[in-house]
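In: Okay, predicted coordinates and the sequence, questions at the end:
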Amino acid sequence: MSGRSKSLEGAGVLDDSATADTRPPPDDEQRSRSRHIALSRVSGLQLRLDTPKGRGVFATQRIASGTVVDICPVLILSQTDNELVSQTALYHYSYNWPVQQPDGRIVQHQAIIFGLGSMFNHSTRDQNVVWRRDLEAQTVVYTALRDIQAGEELCISYGSNLWFEDADETTDVPESETDLLESIEIGG
């Protein structure tokens, strides 16, 4: 498991206490539906290439709290593919993905996210989108945590094992007393 990829503690945990499935086998219509995954994206999103964090996704209109912002399919990497991808920039766009083995064990893989959700930047303080894995559908669902205003960047949490300096944790400290005094706004 890598410290460079996005993780969400507690999400996507498979229940080891699940009992055997006693439902009848699916009919043709059910099988057909199970091969189709509904993908959606809220309107009013814009990918900007020139933000202080690099690329970023911004709202061009208000998004209400609880709105599903994006549903993105994933490609689960084999261990061999993961070793290759881990040597590339693409690895920064991968998520930890638990996979249940035939013997019931859970093995961590990496998954590449396809969709605009993979472009959401990290914020420790100002995250406004939460994500969850849908293990069965092999998608990541991004949902607005609060109302998001037009012009606001959509941010998620990448977890605590960041491979970069957290912009929310760094502060610009004035170099001199003059800089400090100039940075104070007095208004009324």
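Out: Structure received.

In: so what's the closest residue to Ala144 other than its chain neighbours up against?
Out: Residue nearest to Ala144 in three dimensions, not counting chain neighbours: Thr67, with 4.6 Å by C-beta to C-beta, 6 or more residues apart in numbering. (Glycine included, C-beta is placed from N, CA and C.) Residues counted as contacts of Thr67 (C-beta atoms under 8 Å, 6 or more residues apart in numbering) are 42, 143-144.

In: same thing with Asn121?
Out: Counting by C-beta under 8 Å, 6+ apart, Asn121 makes contact with 51, 53-57, 153-156.

In: tell me the phi and psi of the nearest residue to it once chain neighbours are set aside?
Out: In this structure, Asn121 finds its nearest non-sequential neighbour in Lys53, 4.7 Å apart by C-beta to C-beta, 6+ apart. Dihedral angles phi and psi of Lys53 (degrees, to the nearest 10) take the values phi -100, psi 10.

In: what does Thr51 give?
Out: Per-residue torsions, Thr51: phi -90, psi 170 (degrees, to the nearest 10).

In: dump the residue contacts of it.
Out: Thr51 is in contact with 121, 153, counting by C-beta under 8 Å, 6+ apart.

In: Relative to Gly151, how far out is it?
Out: Here Thr51 is placed at a distance of 12 Å from Gly151 (C-beta to C-beta, to the nearest Å).

In: go on, Ser118?
Out: Between Ser118 and Gly151 the computed distance is 22 Å (C-beta to C-beta).

In: neighbour-wise, which of these two wins?
Out: Between Ser118 and Gly151, counted using other C-beta atoms under 10 Å, the more crowded position is Ser118 (20 against 11).

In: Excluding chain neighbours, give the residue nearest to that one in space.
Out: Ser118 sits nearest to Tyr93 (C-beta to C-beta, 6+ apart), 4.9 Å away.

In: Measure how buried the one you found is and give me the count.
Out: With other C-beta under 10 Å as criterion, Tyr93 counts 17.

In: shouldn't it be in contact with Phe114?
Out: No. Tyr93 lies out of contact with Phe114 (C-beta atoms under 8 Å); the separation is 9.5 Å.

In: And for the helix or strand where Leu75 lies, what's in contact with it?
Out: Using DSSP states H and E, the element containing Leu75 is strand 68-76. With C-beta under 8 Å, 6+ apart as the test, strand 68-76 has contacts from 37-42, 45, 63, 95, 97, 99, 109-118, 129, 134, 138-144, 154.

In: Tell me the buried residues within those residues.
Out: 42, 45, 63, 95, 97, 109-113, 115-118, 129, 139-144, 154 (16 or more other C-beta atoms under 10 Å).
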